[in-house]
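Trainee: next comes the sequence, and after it the predicted model I'd like to discuss.
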Amino acid sequence: MAINKAILIGNLGAKPEVKYVSQDRPVATFNLATTESYKNKEGQRVDNTEWHSVEMWDGLARIAEQYLDKGSKVYIEGKIKTDKWEDKETGQPRSRTKILALNMTMLSPRNDGSQTQENPSMGGENLVDDNSEEDLPF
């Protein structure tokens, strides 16, 4: 049995970049910061920030494009994926590790002034990409 699952809560470093690989297939990418704090021997607070590359497809990418912005706090569930390729200039092997998001919960309240009575807040709403092409084994 094998499990590949990543769970992150953090803040976006910038607005998601959205590209369309075909007319109706968006992919959103952004960096997510997670920060752990602790006190050192001298009693001073130390923050340790890690940056994670996140990729979202289809419905989640559309939601990210519409609702996420720099500083937005999100809960991400996904899996760790490593892309490998050969550098065109040097011929050297290259790789990049990212989180392929499978669902997301927005934790920051919307502040675009477009809240309605039927949908007063997107904050905390669990969003799952039902168009995911991968079947989970459980």
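Mentor: Noted; the coordinates are in hand. Everything numeric in this text was worked out from a predicted model, so none of it was measured.

Trainee: measure the residue nearest the centre of the chain to residue 43 for me?
Mentor: Nearest residue to the geometric centre of the chain (CA atoms, centre = their mean): residue 54, 4.0 Å. The gap separating residue 54 from residue 43 is 34 Å, by CB to CB, to the nearest Å. Using the backbone N, CA and C atoms, a C-beta is placed for each residue, glycine as well.

Trainee: pLDDT weak spots in the chain?
Mentor: Scanning the chain for pLDDT under 70 picks out the ranges 110-138.

Trainee: which residue sits farthest out from the middle of it?
Mentor: Max radial position in the chain (CA atoms, centre = their mean) goes to residue 42, at 35.0 Å.

Trainee: mind checking the SS state of that one?
Mentor: On the three-state scheme (DSSP: H, G, I helix; E, B strand; the rest coil), residue 42 is labelled coil.

Trainee: what's the burial count for residue 15?
Mentor: Residue 15 has 15 neighbouring residues, counting by other CB atoms under 10 Å.

Trainee: how about it, what does it touch?
Mentor: 30, 68-70 (CB atoms under 8 Å, 6 or more residues apart in numbering).

Trainee: returning to what we had before: contacts for the helix or strand hosting the residue nearest to the centre of the chain next, please.
Mentor: Element membership of residue 54 [criterion: DSSP states H and E] is strand 45-57. With CB under 8 Å, 6+ apart as the test, strand 45-57 has contacts from 8, 10, 13, 16, 25-40, 64, 76, 78, 81, 96-101, 104, 129, 131-132.

Trainee: the residue nearest to the centre of the chain and residue 67: what is the separation?
Mentor: 15 Å.

Trainee: ok, residue 103 next?
Mentor: From residue 103 to residue 67 the distance is 14 Å (CB to CB).

Trainee: of these two, who's got more company?
Mentor: residue 67 (19 against 16).
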